[in-house]
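Asker: coordinates only, no sequence provided:
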């Protein structure tokens with residue numbers, strides 16, 4: 001045993017500190033150290049690791065399914081969070097995506113509202129910033 005290790009061992013003994021001799025290269029002593037760590041962890045008192053603070057969270061009262069439809073001349077203009085979110089999820093050049101779009105405008109009530117407002121085949125719809133011809 002080297003002199004420095006003997007000094008360390010003596011110091012640990014005098015201070016009532018546990019010391020474990022391990023080797024990362026050979027793995028010697030690691031099992032013994034890990035077993036001791038496991039024992040010590042089991043003995044520690046359970047404490048809440050994160051102190052929970054009471055916080056106020058402020059949110060906008062915007063309804064994600066909200067939309068507005070206005071008639072500007074011959075055009076029907078659809079805007080709002082629901083319309084913007086839907087347009088962001090579709091690819092207007094893809095047939096499958098357009099089928100999804102048609103399904104969503106029915107589910108959101110946009111189609112019914114347009115019909116209540118008197119939309120007819122061939123009328124122009126401006127959906128956020130995309131314009132298309134209405135076909136029922």
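Answerer: Perfect, thanks for sending it. Since the structure is predicted, the reported quantities are computational estimates derived from the model, not experimental observations. Numbering: from 1, shown residues only.
Asker: now do the helices in this protein.
Answerer: Here the chain has its helices, by DSSP state H, at 3-14, 30-43, 81-88, 95-107, 110-116.
Asker: for residue 129, which of the ones you listed is the nearest?
Answerer: Comparison of those against residue 129 by CB to CB identifies helix 81-88 as nearest, at 7.8 Å. From N, CA and C alone the C-beta is placed, and that goes for glycine too.
Asker: looking at the protein, which helix or strand is least sure?
Answerer: Scoring the helices and strands of the chain by mean pLDDT, DSSP states H and E places helix 3-14 at the bottom, with a mean of 87.
Asker: residues in contact with that helix?
Answerer: Helix 3-14 is contacted by residues 1, 17-19, 21 when judged by CB atoms under 8 Å, 6 or more residues apart in numbering.
Asker: same question, stretch 128-136
Answerer: Identification of contacts with stretch 128-136 by CB under 8 Å, 6+ apart yields 75-76, 78-79, 83-84, 87, 92, 114, 119-125.
Asker: go ahead and confirm residue 77 touches residue 70.
Answerer: Yes. Between residue 77 and residue 70 there is a contact at 5.0 Å, judged by CB atoms under 8 Å.
Asker: the more surrounded of those two?
Answerer: Per other CB atoms under 10 Å, whichever of residue 77 and residue 70 has more neighbours is residue 77, with 17 against 11.
Asker: domain ranges for the chain?
Answerer: Per the record, the chain has its domains at 3-43, 68-133, by automatic domain parsing.
Asker: quickly compare the ones you listed and say which is most buried.
Answerer: Stretch with highest mean neighbour count among those: domain 68-133 (a mean of 14; mean count of other CB atoms under 10 Å).
Asker: any idea of the mean pLDDT for stretch 103-111?
Answerer: In this model, stretch 103-111 has an average pLDDT of 92.
Asker: now it, how far from the centre of its chain.
Answerer: 26 Å (CA atoms, centre = their mean, to the nearest Å).
Asker: what's in contact with that stretch?
Answerer: For stretch 103-111, contacts defined as CB under 8 Å, 6+ apart pick out 65, 67, 69, 78, 82-83, 86, 112.
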